[in-house]
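A.B. asks: Need a 3D model of the following:
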Amino acid sequence: MCAGICALPRMAAPMIAIALDLGTTSIKAALLTRQGALCHITSQPAPAISHKDGQYESDALRYAETAEAVLAACLACTDQKPPLGLCSQRSSFLIWDKPSGNPVTPLISWQDNRGRRYQDQTGNAEALIPALTGLRLTPYYYAPKLSVLLHDNPQWREKLVRGAWLAGTLDTFLIWRWTHGQYFCTDASMAARTLLMDIHQQQWSSVLCDLFNIPAAILPQISLTTGLNVPLSNDVVLQASAGDQSAALYASVLNDPSKALVNLGTGGFVIRYLDEKAKPLDGFLQTLIYQDQNHTTYMASEGTLNSISSALAPYPFRECDIGDFAASNIFCLAEPSGVGAPYFCSNLGLFFSESTENLTPKQIAILLLEAIVFRVARILEAYHQQSPLSQVYLSGGLSELACLQQGIAQCVSFPILHLQQKETSLLGAAMLAAAVKSRILPLTHPIEIQTGRRNIALLEKYQQWQLWLDDLLARQIQD
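C.D. replies: Below you'll find the model as predicted:
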């Protein structure tokens with residue numbers, strides 16, 4: 001059943017856009033009003049993902065049919081055909097048969113890690129990938145996963161090269177399907193997360209294709225993010241298509257480099273736009289956010305926290321309060337799958353400076369929450385030193401925790417605001433489709449976090465934690 005299907009009369013008031021969010025656990029659509037509000041949010045659960053031995057897969061055809069049903073249900077709430085903005089989970093992909101349009105493989109999730117079996121035959125990946133893509137080699141991206149599939153199934157390569165089969169990320173498949181095969185494309189923000197695109201040239205890289213042994217001829221056309229003007233089979237025109245993170249950032253800060261977005265969910269990321277003069281900080285990811293209809297490309301710097309929700313899951317973290325922080329001299333890292341950008345240390349994940357054997361579950365939860373606060377604060381401080389931040393916005397499920405809000409606000413010197421809008425990716429996709437040029441304040445309803453008196457003990461522990469982390473990382477390099 002769809003949640004939020006229009007129970008009111010069909011809308012006669014102008015709807016300036018409709019958005020479709022192709023999520024991992026749910027698929028959502030909504031209409032955007034001229035006042036900047038999302039209305040008639042419609043959703044269905046995405047097909048269940050099965051996982052075994054690191055492989056995460058779901059029914060690709062059923063996913064497409066569910067997305068079509070959600071979009072149709074939302075469109076039923078209006079008499080208009082507003083422009084469509086699409087945002088998609090990045091790195092989820094499939095292979096399909098061109099004549100029939102039927103999937104050959106399941107939808108292989110971004111969570112799938114079969115790409116860990118990718119072998120760099122040239123020994124150049126460590127240098128080439130960051131230089132050309134702004135990213136690091138991890139098994140979750142499209143290129144290493146597709147490389148492994150083609151290695152395991154040599155006959156697939158031949159079918160792809162002669163055009164009998166097609167391969168692409170989820171957005172590519174759906175656009176191809178909804179245009180009866182007339183458009184085989186992906187936007188620049190999605191292409192930039194494949195490890196096959198040169199983000200400086202905004203085109204597929206023959207060097208990277210050779211690195212992963214993926215024929216460049218099988219890749220879709222790279223399109224702009226906005227101003228697409230692609231007619232779909234449901235009589236709606238697709239005007240924007242972007243990665244979900246790009247849409248969320250656009251909804252939160254538009255393209256203002258003086259602001260940053262912190263998203264705390266399954267994992268975490270801290271991201272800010274790079275202005276034309278700014279160079280990426282050492283170790284941070286460089287992310288292509290979107291490319292507008294004028295071919296202007298917007299780039300961002302990104303720090304990452306890996307798998308923080310899984311670190312917290314076994315513990316009563318929702319019972320913790322900011323007053324519980326800094327009660328212990330034990331330091332912690334809270335990233336089970338390895339510390340992310342800017343450190344990229346897979347040997348350090350869920351790590352404590354001392355034994356936690358005698359600690360209660362709540363005390364361990366407090367240490368994990370402190371580690372998240374400190375990692376976020378340190379990334380933000382690095383950004384602020386490079387170029388002053390005026391405001392930072394918090395989003396994502398874990399950002400609802402008051403102790404995380406207050407902890408981050410205590411550790412930095414600039415305002416921290418919590419976004420009340422829950423559907424930032426959906427909102428951003430709609431805004432990109434409508435080509436909204438100026439910030440509409442009612443959209444995200446940010447609330448500034450009030451910290452009260454400075455927690456001196458927490459600030460002192462933050463400084464000590466930084467020294468501990470630097471020493472820990474230095475020892476890892478030496479070893």
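A.B. asks: Roughly how far does W204 sit from A409?
C.D. replies: The gap separating W204 from A409 is 43 Å, by Cβ to Cβ, to the nearest Å. Using the backbone N, CA and C atoms, a C-beta is placed for each residue, glycine as well.
A.B. asks: Name the residue in the two with the higher neighbour count.
C.D. replies: Set W204 next to A409 and count neighbours by other Cβ atoms under 10 Å: A409 wins out with 24 against 20.
A.B. asks: Pretty sure the more buried one sits in a helix.
C.D. replies: Yes: counting by DSSP: H, G, I helix; E, B strand; the rest coil, A409 falls inside a helix.
A.B. asks: thought it was touching T451?
C.D. replies: Yes: using Cβ atoms under 8 Å, A409 is in contact with T451, at 4.7 Å.
A.B. asks: Please, where are all the helices along the stretch 1-150 of the chain?
C.D. replies: 60-75, 125-133, 142-152 (DSSP state H, counting those that start in this stretch).
A.B. asks: Quickly compare those and say which is most buried.
C.D. replies: When the helices of the stretch 1-150 of the chain are scored by mean count of other Cβ atoms under 10 Å, the highest mean neighbour count falls to helix 142-152 (a mean of 22).
A.B. asks: For it, which outside residues touch it?
C.D. replies: Contact with helix 142-152 is made by 91, 93, 95, 105, 108, 112, 114-118, 137-139, 156-157, 160, 167, 169, 193-196, 208, 212-214, as judged by Cβ atoms under 8 Å, 6 or more residues apart in numbering.
A.B. asks: what does stretch 307-317 contact?
C.D. replies: 264-268, 334-337, 349-350, 361-362, 364-365, 368-369, 372, 397-398, 401.
A.B. asks: Of the contacts of helix 142-152, keep whichever come out buried.
C.D. replies: For those, a burial check counting by 16 or more other Cβ atoms under 10 Å picks out 91, 93, 95, 105, 108, 112, 114-115, 118, 137-138, 156-157, 160, 167, 169, 193-196, 208, 212-214.
A.B. asks: secondary structure element for the most centrally placed residue in the chain?
C.D. replies: By Cα atoms, centre = their mean, the mean C-alpha position of the chain lies nearest to Q245, the distance being 3.7 Å. Using DSSP states H and E, Q245 maps to helix 244-253.
A.B. asks: what residues does that helix touch?
C.D. replies: 21-23, 85, 87-90, 189, 225, 242, 259-261, 263, 269, 271-273, 287, 289-290, 300, 393, 395, 419, 421, 424-429, 431-432, 443-444.
A.B. asks: can you pull the buried residues of that helix?
C.D. replies: Of all the residues in helix 244-253, those buried under the rule 16+ other Cβ under 10 Å are D244, Q245, S246, A247, A248, L249, Y250, A251, S252, V253.
A.B. asks: from these, which single one is nearest E126?
C.D. replies: In terms of Cβ to Cβ, no member of the buried residues of helix 244-253 lies closer to E126 than Q245, at 24.2 Å.
A.B. asks: what's the neighbour count on F344?
C.D. replies: Counted with other Cβ under 10 Å, the neighbours of F344 add up to 16.
A.B. asks: again with E354
C.D. replies: By the criterion of other Cβ under 10 Å, E354 has 13 neighbours.
A.B. asks: can you check the one 10 residues further on too?
C.D. replies: I364 sits with 21 neighbouring residues when counted by other Cβ under 10 Å.
A.B. asks: In this structure, which helix is the longest?
C.D. replies: Using DSSP state H, we find that the single longest helix of the chain is helix 361-386.
A.B. asks: So for that one, mean pLDDT?
C.D. replies: Helix 361-386 carries an average pLDDT of 98.
A.B. asks: what does stretch 204-212 give?
C.D. replies: Averaging pLDDT along stretch 204-212 gives 97.
A.B. asks: Equivalent analysis for stretch 279-295, please.
C.D. replies: The average of the pLDDT scores along stretch 279-295 is 93.
A.B. asks: quick one: pLDDT of the nearest residue to C345 once chain neighbours are set aside?
C.D. replies: Of all residues not flanking C345 in the chain, V339 sits nearest, at 4.5 Å (Cβ to Cβ, 6 or more residues apart in numbering). V339 carries a pLDDT value of 93.
A.B. asks: Also the one 3 residues further on?
C.D. replies: What the model reports for P342 is a pLDDT of 96.
A.B. asks: Now do the contacts for it.
C.D. replies: Applying Cβ under 8 Å, 6+ apart, the residues near P342 are L281, D282, G283, F284, G303, I379, A382.
A.B. asks: What subset of the residues you listed is buried?
C.D. replies: Buried residues within the contacts of P342, counting neighbours by 16+ other Cβ under 10 Å: L281, F284, G303, I379, A382.
A.B. asks: secondary structure class for the first one?
C.D. replies: This means L281. For L281, the assignment made with three-state DSSP gives coil.
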